[in-house]
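Student: One predicted model, sequence on top.
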Amino acid sequence: MATITTDDVKHVANLARLEFSEEETQQFTHQLARILDYIGKLNELDTTDVPPTSHVLPIRNVVKEDVAEPSYDRDLVLATAPAAEEGHFEVPQVIE
């Protein structure tokens, strides 16, 4: 097992502002030690020919291409607004 002590668990719990009973502290100590052991086994694997990945599945950008297109006529849009001033929508003031 990896070397993790109950003091380590208590220290991390304190940093996270958590409180554990002695039984829970013992349980977490054991569980964290097992996790660290597993990580140690993973570190033994030869990954020299494995390319780094940020995602396990191949993904691509699914955003549509940014193409400039004609917009609506400003005067026509502002004609449908409840209030307009100097070519902009006029809205009620919300900050004094």
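Tutor: Good, I have the coordinates.

Student: where do the helices sit along this protein?
Tutor: For the chain, helices defined by DSSP state H occupy the ranges 6-15, 22-43, 74-79.

Student: In a markdown table: the ones you listed, plus distance to G87.
Tutor: The way it works is simple: take the backbone N, C-alpha and C, and place the C-beta from them, glycine included. Listed next are those as a markdown table, based on distance: least, C-beta to C-beta, whole Å:
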| stretch | distance to G87 |
| --- | --- |
| helix 6-15 | 55 |
| helix 22-43 | 61 |
| helix 74-79 | 6 |
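
Student: Which of these sits closest to D66?
Tutor: helix 74-79 (21.7 Å; C-beta to C-beta).

Student: Run the chain-centre distance for the closest one.
Tutor: 41 Å (C-alpha atoms, centre = their mean, to the nearest Å).

Student: Any chance of JSON lines for the helices of the chain, columns distance to T53, mean neighbour count and mean pLDDT?
Tutor: Shown next, in JSON lines, are the helices of the chain (distance: least, C-beta to C-beta, whole Å; neighbours: other C-beta atoms under 10 Å; pLDDT from 0 to 100):
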{"stretch": "helix 6-15", "distance to T53": "29", "mean neighbour count": "13", "mean pLDDT": "95"}
{"stretch": "helix 22-43", "distance to T53": "15", "mean neighbour count": "13", "mean pLDDT": "93"}
{"stretch": "helix 74-79", "distance to T53": "46", "mean neighbour count": "11", "mean pLDDT": "91"}
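
Student: Looking at those helices, which is nearest to V91?
Tutor: helix 74-79 (12.8 Å).

Student: List the contacts of that closest one.
Tutor: If you take C-beta atoms under 8 Å, 6 or more residues apart in numbering as the criterion, helix 74-79 is touched by A84, G87, H88, F89.

Student: now, which of the residues you listed sits nearest P58?
Tutor: Distances from P58 to the contacts of helix 74-79, taken by C-beta to C-beta, are shortest for F89, at 43.9 Å.
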